[in-house]
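> structure for this input, please:
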Amino acid sequence: MGHRGNYEKDLSKLSSDGVKYIQIDAPRYSYYMDPKWQAWIKTELKVDPAAALNEAVSADNACFLAARNDGVTLGIHLCRGITAAIGTPKAGTTRLPKSCSGHWR
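Residues are numbered from 1 along each chain as shown. Here you go, the predicted structure:
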């Protein structure tokens, strides 16, 4: 089933069990928006950063859809990479690609 399927199953169960607020933590989205990290993703991982971002959004959407239930509030934490001391990206939400606009469900 893989991680994605496990997360979907777990979030669906939480929702069915009456949890009223479910938040996905997505601290790595800022990596797709920082030019330095985009280059690293492309050269080191041999992956197109835009394709990887779309895959991440798709996976989060699958989790949101599995958890959707009356009375349940769903949220996502998009880290802006403000912890420069440990080398995280510096990307504000204003740099969020237009491809993501309207794609979270």
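> longest helix in the chain, please.
Scanning the chain for the helix with the most residues, using DSSP state H, yields helix 49-67.
> burial count for the nearest residue to V47 once chain neighbours are set aside?
Sequence neighbours aside, I41 is the residue nearest to V47 in space, at 5.7 Å (criterion: Cβ to Cβ, 6 or more residues apart in numbering). C-beta: built from backbone N, CA, C; applies to glycine. Using other Cβ atoms under 10 Å, I41 has 20 neighbouring residues.
> I41: what's it in contact with?
Y31, Y32, V47, P49, A52 (Cβ atoms under 8 Å, 6 or more residues apart in numbering).
> again, only using 10 Å
With contacts defined as Cβ atoms under 10 Å, 6 or more residues apart in numbering, the neighbours of I41 are Y31, Y32, D34, V47, D48, P49, A50, A51, A52, L53.
> quick one: end-to-end length of stretch 8-27, please.
19 Å (Cα to Cα, to the nearest Å).
> rewinding a little: for M33, see how far away the residue nearest to V47 is.
Distance of I41 to M33, computed by Cβ to Cβ, to the nearest Å: 11 Å.
> list residues touching both of the two?
P49, L53.
> list the buried ones in the longest helix of the chain?
49, 52-54, 56-57, 59-60, 62-64, 66-67 (16 or more other Cβ atoms under 10 Å).
> which SS state does G18 fall under?
At G18 the chain is in coil, as set by DSSP: H, G, I helix; E, B strand; the rest coil.
> perfect, that will be all.
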